[in-house]
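**Q** Model the structure of this input:
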Amino acid sequence: MSTAVSETEKMLSRLSRAEKAQILQWIVQDLGEAFPGIERVAGVAGSNACIVRTRIPVWLLEHTRRLGAAESDLLRAYPSLRAADLANTWSYVRAYPAEIEAAITENDAD
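**A** Down below sits the predicted model:
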């Protein structure tokens, strides 16, 4: 465990429940609409949202699904993917439909 985490754990043990709730609210706000397992890195995969550990763009998985691929097909085609990655992908797609649609349109024209 890192020093920062250890120090934070000690500090949290001294806080009231109300203070802990306030800190939790700040953390949630800081994370925003974070999607575990999804990241966007400048210069990687056209800066599109991708599955961590891979360079597989979220838009590509959604496009492939729209073309009729089942989750089992995607997991076979991309051995580095996990079922949890697909669940996170579909959540991301629901949260950012315009972004995904634009990426599909842009890349389908290529």
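**Q** hey, where'd the helices end up in this structure?
**A** Taking DSSP state H as the criterion, the chain carries its helices at 3-13, 17-31, 58-66, 71-77, 83-95, 97-108.
**Q** and Val52, which of the ones you listed is closest to it?
**A** If you check each of these against Val52 by CB to CB, helix 83-95 wins as the nearest, at 8.1 Å. Just so you know, the C-beta spots here come from the backbone N, C-alpha and C atoms, and that holds for glycine as well.
**Q** what's the angle between that closest one and helix 97-108?
**A** Between helix 83-95 and helix 97-108, the angle comes out at 110 degrees (axes from the mean of the first three to the mean of the last three CA atoms, to 10 degrees).
**Q** about what we covered before: looking at the helices of the chain, which is buried most?
**A** helix 58-66 (a mean of 20; mean count of other CB atoms under 10 Å).
**Q** Format the helices of the chain as a markdown table; extra columns: mean pLDDT and distance to Gly43.
**A** As requested, those are arranged in a markdown table below (pLDDT from 0 to 100; distance: least, CB to CB, whole Å):
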| stretch | mean pLDDT | distance to Gly43 |
| --- | --- | --- |
| helix 3-13 | 88 | 29 |
| helix 17-31 | 73 | 24 |
| helix 58-66 | 96 | 17 |
| helix 71-77 | 94 | 25 |
| helix 83-95 | 90 | 20 |
| helix 97-108 | 92 | 16 |
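**Q** Of all these, which one is nearest Gly37?
**A** Using CB to CB, the helices of the chain put helix 83-95 closest to Gly37, at 4.3 Å.
**Q** For that closest one, what is the distance to the chain centroid?
**A** How far helix 83-95 lies from its chain's middle: 7 Å, per CA atoms, centre = their mean, to the nearest Å.
**Q** now do stretch 54-63
**A** Using CA atoms, centre = their mean, the offset of stretch 54-63 from its chain centre is 11 Å.
**Q** The residue in the chain sticking out farthest from the centre and Ala70: what is the separation?
**A** Residue farthest from the centre of the chain, counting by CA atoms, centre = their mean, is Arg14 at 32.9 Å. Counting by CB to CB, to the nearest Å, the gap from Arg14 to Ala70 is 51 Å.
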